[in-house]
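*Asks:* Need a 3D model of the sequence below.
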Amino acid sequence: MIIYILTNEAMPGLVKIGVTGDDRLEDRIRELDTTALPLPFECFYAVKVGDEVDSIEKRVHRGLDDSRVRDKREFFRISPDQAKSLLSIAEAMGGVNVTPREAIVQDSKDTQAIEEARKKRGRFNFGMLGIDPETKLQFKKDKTIECEVVNETQINFRGEEMSLSAAALIVVQEMGYEWDTVQGAAYWCYHGKTLNDLRLEQEE
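*Replies:* Alright, predicted model coming up:
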């Protein structure tokens, strides 16, 4: 079986984590390329595993806790790197990395559309949400934990200037999560909503 992580530029901030049969990864990605989505999925990471697939999948789901967008669906509001770190045990248990080297698309126009969407989004900054310096942000999992915006990309957290992701990683590791990376904008909130959610609302 193959466990995969898919991303889609039309759904920034979300990943799809699923399981498919051996040698069916490309077919599965093409099946998901429906008219309901303007852009095709891209495979961020895929690992081929044996009988331990069920235990690995359960471990991943435990690590995702409240990141699932909707019950019984395979979409999660986390970064691809964070999802990959949860699957790292698969390779340690003898799994084989089978991530495709190139995007699985219908034609060159699909590739061009993906690149154009990626360039259009650009990197996150507070200015795109109208958030000014000295604004206080709260941590998603514990609203008593705060940071303060310093400039377009940096915050002050516990007296040190750093990125949203660096601060979020400190907090989740203190909470006991064994993650190597996190997407900061998915964990810091402004007026009760994560920065990722606010950005998605703005782009709709």
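
*Asks:* Name the next helix or strand downstream of the helix-or-strand element of the chain with minimal mean pLDDT, please.
*Replies:* The helix or strand of the chain with the lowest confidence, counting by mean pLDDT, DSSP states H and E, is helix 108-121 at a mean of 64. Next along the chain after helix 108-121, taking DSSP states H and E as the criterion, comes strand 136-139.

*Asks:* buried set for that following strand?
*Replies:* Leu137, Gln138, Phe139 (16 or more other Cβ atoms under 10 Å). C-beta here means a position set from N, CA and C on the backbone, and glycine is covered the same way.

*Asks:* Starting from it, tell me which strands it pairs with and how they run.
*Replies:* For strand 136-139, the paired strands and their directions (DSSP bridges) read strand 142-149 (antiparallel), strand 188-190 (antiparallel).

*Asks:* and Glu178, which of those is closest to it?
*Replies:* strand 142-149 (18.2 Å; Cβ to Cβ).

*Asks:* which of the strands paired with strand 136-139 sits most buried?
*Replies:* By mean neighbour count, with neighbours taken as mean count of other Cβ atoms under 10 Å, strand 188-190 ranks first of the strands paired with strand 136-139 at a mean of 21.

*Asks:* ok, residues contacting it?
*Replies:* 129, 131, 135, 137-140, 143, 147, 155, 164, 167-168, 194-195, 198 (Cβ atoms under 8 Å, 6 or more residues apart in numbering).

*Asks:* of all these, which comes closest to Phe44?
*Replies:* So of the contacts of strand 188-190, ranked by how close each gets to Phe44 (Cβ to Cβ), first place is Ala168, at 19.6 Å.
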